[in-house]
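**Q** can't give you the sequence, but here's the structure:
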């Protein structure tokens, strides 16, 4: 879909149509879904037509076990590369042995006869 060419109302109606197809796929009647989310059937029809509250759309997705679709709808923005570097912090470059282990290793190496 070319959302840039669509009005806000048209985009809302397209989302409502998708909600309606999901409702039918899950075998809910309009009244059953409206009762499940605590609104009237008329309010549900307004939601499908592109009106209604965002909160009701979220409730409908919850009732249809489709809340995971919200991540597709509006994904979490990735941190910028600079933020990723700051979050990563300083990474170790070398392995450091404990002080006692260095002294013991050094003494053993001096006694080797190569």
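**A** That came through, no problem. Bear in mind the structure is a predicted one, so any value in this text is a computation, not a measurement.
**Q** geometric centre of this structure: which residue is closest?
**A** For the chain, residue 71 is the residue whose C-alpha lies nearest the centre (CA atoms, centre = their mean; 3.7 Å).
**Q** what packs against the strand or helix carrying that one?
**A** Under the criterion of DSSP states H and E, residue 71 resides in helix 69-73. In terms of contacts (3 or more CB pairs under 8 Å, 6 or more residues apart in numbering; DSSP states H and E), helix 69-73 is packed against helix 54-63. Every residue, glycine included, has its C-beta placed from N, CA and C.
**Q** mind listing what's buried in the helix it packs on?
**A** By neighbour count on 16 or more other CB atoms under 10 Å, the buried set for helix 54-63 is 56, 57, 59, 60, 61, 63.
**Q** show me how far that helix is from its chain's centre.
**A** Offset of helix 54-63 from its chain centre (CA atoms, centre = their mean, to the nearest Å): 16 Å.
**Q** same for that helix, what does it pack against?
**A** By 3+ CB pairs under 8 Å, 6+ apart, helix 54-63 packs against helix 8-25, helix 30-37, helix 41-48, helix 69-73.
**Q** what angle sits between the longest one and helix 30-37?
**A** In this case it means helix 8-25. Angle of helix 8-25 versus helix 30-37, following axes from the mean of the first three to the mean of the last three CA atoms, to 10 degrees, is 100 degrees.
**Q** show me which residues of helix 8-25 are buried.
**A** 12, 13, 16, 19, 20, 22, 23.
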